[in-house]
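*Asks:* My questions concern the predicted model and sequence given below.
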Number of protein chains: 2
Amino acid sequence: MNFDKIPYKIYLNENEIPTQWYNMRADMKNKPAPLLHPGTHEPLTAEQMYAFFCEELVHQELDDTTPYIDIPQEIRDFYKMYRPAPLVRAYCLEEKLKTPAKIYYKFEGNNTSGSHKLNSAIAQAYYAKKQGLKGVTTETGAGQWGTALSMACAYLGLDCKVYMVKCSYEQKPFRREVMRTYGANVTPSPSMDTEVGRRILEAHPGTTGSLGCAISEAVEVASKDPGYRYVLGSVLNQVLLHQSVIGLEAKAALDKYGIKPDIIIGCAGGGSNLGGLIAPFMGEKLRGEADYRIIAVEPASCPSFTRGVYAYDFCDTGMICPLAKMYTLGSGFIPSPSHAGGLRFHGMSTTLSQLYHDGLMEARAVEQTSVFEAAEQFARCEGILPAPESSHAIRAAIDEAVKCRETGEEKTILFGLTGTGYFDMYAYEAFNDGKMGDYIPTDDDIRAGLANVPQFPGNEFEF
Amino acid sequence: MNFDKIPYKIYLNENEIPTQWYNMRADMKNKPAPLLHPGTHEPLTAEQMYAFFCEELVHQELDDTTPYIDIPQEIRDFYKMYRPAPLVRAYCLEEKLKTPAKIYYKFEGNNTSGSHKLNSAIAQAYYAKKQGLKGVTTETGAGQWGTALSMACAYLGLDCKVYMVKCSYEQKPFRREVMRTYGANVTPSPSMDTEVGRRILEAHPGTTGSLGCAISEAVEVASKDPGYRYVLGSVLNQVLLHQSVIGLEAKAALDKYGIKPDIIIGCAGGGSNLGGLIAPFMGEKLRGEADYRIIAVEPASCPSFTRGVYAYDFCDTGMICPLAKMYTLGSGFIPSPSHAGGLRFHGMSTTLSQLYHDGLMEARAVEQTSVFEAAEQFARCEGILPAPESSHAIRAAIDEAVKCRETGEEKTILFGLTGTGYFDMYAYEAFNDGKMGDYIPTDDDIRAGLANVPQFPGNEFEF
């Protein structure tokens, strides 16, 4: 092991936790397209959004001009419980790969939610509390977001209603119990609690649910009780804003040692982690101050960036949510049963979609077994057991480092290690037993998914 | 939240990771009693121990005069992957308890093994590698130790054979898969691989195993193959030595801010965490430089300190291992099915037993449901989901802090948070569902356990 002057982990001090979030949109020449009302196809107004989102979060959602937004002291106090997150120099992985590349990863898994989701969960819960609400509702699939929100609500004394996709509720009982330990009310979706749930259960008695259905239930509950609002862990502009702490901290740690990354890599599902990690770097790029190669890594089973179309589409499969302009496989797309539940979303953040459309970042799709090969290699030398989602970024980072070995280039690679895999051991078991498969949708699968994309003037697309 | 000048987390720098382990025994006036040969009742010689332990570890096991022992650079490099571990000021818990007490905890769960076990696993694996061995064998019950050893062996390229108590193997498949992901060979015990396993399976065809049986199998495999040695995660002097990094780091962090704890609390199963946490503090106490109240917390279901006898006894239920002088419930004691698997050991470290016998520390036993109440309270305000074992220390820390509220004393409490509870969600589920029980052995249960304690001159005891 050759430890040079850079420590294994670069920790910042507590007083170096960012005091402001950075809003990439302020520096974008082409702003992300606004959310549209699904009925009128007109941009949603703040007043329309107040019905289901907290007021201050609506302002953050719509604000595309203010570059820095103060982080309230209460949120910073909570951040101190698990931040600053370490920036780790992957010395052991570099040695294993025999690469001249220098690899760094920002590790966001050192908290009980096991992922970066807590960064936005505490912010959203805080604004709900500040507005005097009784609680919040949300959906969760893989469970990271529901866990994070439960923790934030327990801390603030807010009620937390989580609609958990029924098959996850049954297959991931441990995730469910973590949420319950934090006091959340966890309901398998579809449930008999809501109109939409009852309607779906009547039509499909044995269904094990879907994220789209769980969203619909959570939204219905929030919209019927004035003491509640609906919160979401990805896709939205406000979420990317809160997640900018990841990138701001990573950049501050690198700056301390005068390190400038050549390549920045993040996994991409709805975009929360990737958007947060790249924020300050993309800001420099947008302002013409520096250049970086930025790579979004998505699963080959759910390839929104690399095979989707850029169009207005529903965010939910139930088609009751607003329309967002994004790279999408269509709200009717049914992702195959990949183990990276957090990346199984048909669409993508509108902000990231605009940046990708403008050629400011790249994207690539990787296959599941190659992702777990990377995960295992990483775990054995770096110690951390990565989440399947995070391992998509590891795969691409290893691939880039191996290219450096071949070319002899000493590139500096930064990737986001979003979380840990403790609740994904069925996936690791399948991999350990050689029973893991790769699922790649056919063009016909995607065509079928796109069938529900709404047709209206200006929303033409080709596939 | 009232954050005073002490940060939420006191991190040390990498160059502040201890360079030497501290050996409490060097400062003990009454040395811990030596291990005895089970046949002759004579102290085991180094040569006898070489058959199953690595040579350098035998020297550490027997050395009760050298106060500081250098930590090899390779081990320190590994420590950098997850150390220094944070010392956390429990501001949120203090506020919740409305106590004037100042509570600190040393968090050892920020690594994939999820506990402090890695501190000794890497040391033992390193000496095995240095001796040119092919691999090591061990047993695991709850799984923390097996996971830690798997990680250390993966890092060093050593073979790792883990005998896992069959009921744990089946009930904790996720623990098993983590070990497999790190390349360990995990065998449910009893197995057909060993003579002792075959004998037990023949006598008890449906048995789901026991820690005692798994120890016997691991020892048999190591003793028959000259390329292997047996390693153990607790009880032994060498383990307490390696675990002293916990206490050394905690003390260094406290010293930075001029903080002197009044009370130091740790959970106690075999003693690895407690012995490590208290080491430098006990050193000061032994040398008459300072005084501390030191409290060992054990489960009421397995109360070696508080209800056991101080006598020579077998370390394993199979009665093939050496005799150790310790507080014991008898190697025949069958602990009730508590969820804190890591604390279900009938005996106790000989070093800690001597210190307790000499009145240098206290002990108390706590009941399971009250432990999980403390765990839940802690999780909801401090964020971290604690392991059931660690939660024993939380229970006692909360109890002491509440006493301070009643008396108005501003005591400083330090406790060891040994690990996380991600693989203990069945236990949390039982608690969340109100289905958790408390199991307290009767005097007759303990009397039955003590039936196998060997009788020989000098080993008289009363119960």
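*Replies:* All right, it came through fine.
*Asks:* Who are the contact partners of the residue nearest the centre of chain A?
*Replies:* Nearest to the geometric centre of chain A sits A:S272, at 3.3 Å (CA atoms, centre = their mean). A:S272 is in contact with A:H116, A:K117, A:S120, A:G233, A:S234, A:V235, A:V239, A:L240, A:Q243, A:S349, counting by CB atoms under 8 Å, 6 or more residues apart in numbering or on different chains. In short, each C-beta sits where N, CA and C put it, glycine included.
*Asks:* okay, now the second one: neighbour count?
*Replies:* By the criterion of other CB atoms under 10 Å in any protein chain shown, A:K117 has 31 neighbours.
*Asks:* Distance-wise, check the residue nearest to it when sequence neighbours are not counted relative to A:E108.
*Replies:* Nearest non-adjacent residue to A:K117, counting by CB to CB, 6 or more residues apart in numbering or on different chains: A:A148, 3.7 Å away. From A:A148 across to A:E108, the span is 11 Å (CB to CB, to the nearest Å).
*Asks:* Backbone dihedrals for the residue nearest to A:K117, please?
*Replies:* A:A148 adopts backbone torsions of phi -60, psi -40, taken as degrees, to the nearest 10.
*Asks:* I'd say it and A:S115 touch.
*Replies:* Yes: the pair formed by A:A148 and A:S115 meets the contact definition of CB atoms under 8 Å, at 6.8 Å.
*Asks:* Those two: who's more crowded?
*Replies:* Ranked by neighbour count (other CB under 10 Å), A:A148 and A:S115 place A:A148 first, with 30 against 27.
*Asks:* quick one: the more buried one from chain B, how far?
*Replies:* To chain B, A:A148 is 10 Å away according to CB to the nearest CB, to the nearest Å.
*Asks:* Report pLDDT for that residue.
*Replies:* If you check A:A148, the pLDDT there is 98.
*Asks:* about what we covered before: what sits closest to the residue nearest to the centre of chain A if chain neighbours are left out?
*Replies:* Using CB to CB, 6+ apart and skipping residues adjacent in sequence, the residue nearest A:S272 is A:S234, 4.0 Å away.
*Asks:* That neighbour: neighbour count?
*Replies:* Counted with other CB under 10 Å, residues neighbouring A:S234 total 25.
*Asks:* where's it, which helix or strand?
*Replies:* Following DSSP states H and E, there is no helix or strand that holds A:S234.
*Asks:* Could you tell me the phi and psi values at it?
*Replies:* Torsion angles, degrees, to the nearest 10, at A:S234: phi -150, psi -170.
*Asks:* Surely it and A:G347 touch.
*Replies:* No: if you go by CB under 8 Å, A:S234 and A:G347 don't touch, sitting 9.9 Å apart.
*Asks:* Give me the common contacts of the two.
*Replies:* Both A:S234 and A:G347 are contacted by A:G270, under the criterion CB under 8 Å, 6+ apart.
*Asks:* mind checking how far the closest residue to A:D438 other than its chain neighbours is from A:V297?
*Replies:* Once flanking residues are discounted, A:D438 sits nearest to A:E367: 4.4 Å by CB to CB, 6+ apart. Relative to A:V297, A:E367 is positioned 11 Å away (CB to CB).
*Asks:* Then A:P38?
*Replies:* According to CB to CB, A:P38 stands 31 Å off from A:V297.
*Asks:* of these two, who's got more company?
*Replies:* A count of neighbours by other CB under 10 Å puts A:V297 above the other of A:P38 and A:V297, at 30 against 16.
*Asks:* mind checking the SS state of the more buried one?
*Replies:* On the three-state scheme (DSSP: H, G, I helix; E, B strand; the rest coil), A:V297 is labelled strand.
*Asks:* Next one, pLDDT for it please.
*Replies:* Listed pLDDT for A:V297 reads 98.
*Asks:* what pairs with it across the strands?
*Replies:* When bridges are called by DSSP bridges, A:V297 pairs up with A:C267, A:R364.
*Asks:* Distance check, it against A:P32.
*Replies:* According to CB to CB, A:V297 and A:P32 sit 21 Å apart.
*Asks:* same deal with A:P226?
*Replies:* Taking CB to CB, one finds A:P226 at 30 Å from A:P32.
*Asks:* More neighbours: which of the two?
*Replies:* Higher neighbour count among A:P226 and A:P32: A:P32, with 22 against 10, using other CB under 10 Å.
*Asks:* Give the full set of residues in contact with the more buried one.
*Replies:* A:R25, A:D64, A:N237, A:K325, A:S349, A:T350, A:T351, A:S353, A:Q354.
*Asks:* Which of the three states applies to it?
*Replies:* Put simply, A:P32 is coil when judged by three-state DSSP.
*Asks:* Check A:P454 too.
*Replies:* Per three-state DSSP, the secondary structure class of A:P454 is coil.
*Asks:* my read: it touches A:P322, true?
*Replies:* No: applying CB under 8 Å as the test, A:P454 and A:P322 come out as separate, 11.4 Å apart.
*Asks:* who touches both of those two?
*Replies:* Shared contacts of A:P454 and A:P322, defined by CB under 8 Å, 6+ apart, are found at A:P38.
*Asks:* Which strand or helix spans A:S336?
*Replies:* Taking DSSP H and E as the definition, one finds A:S336 inside no helix or strand.
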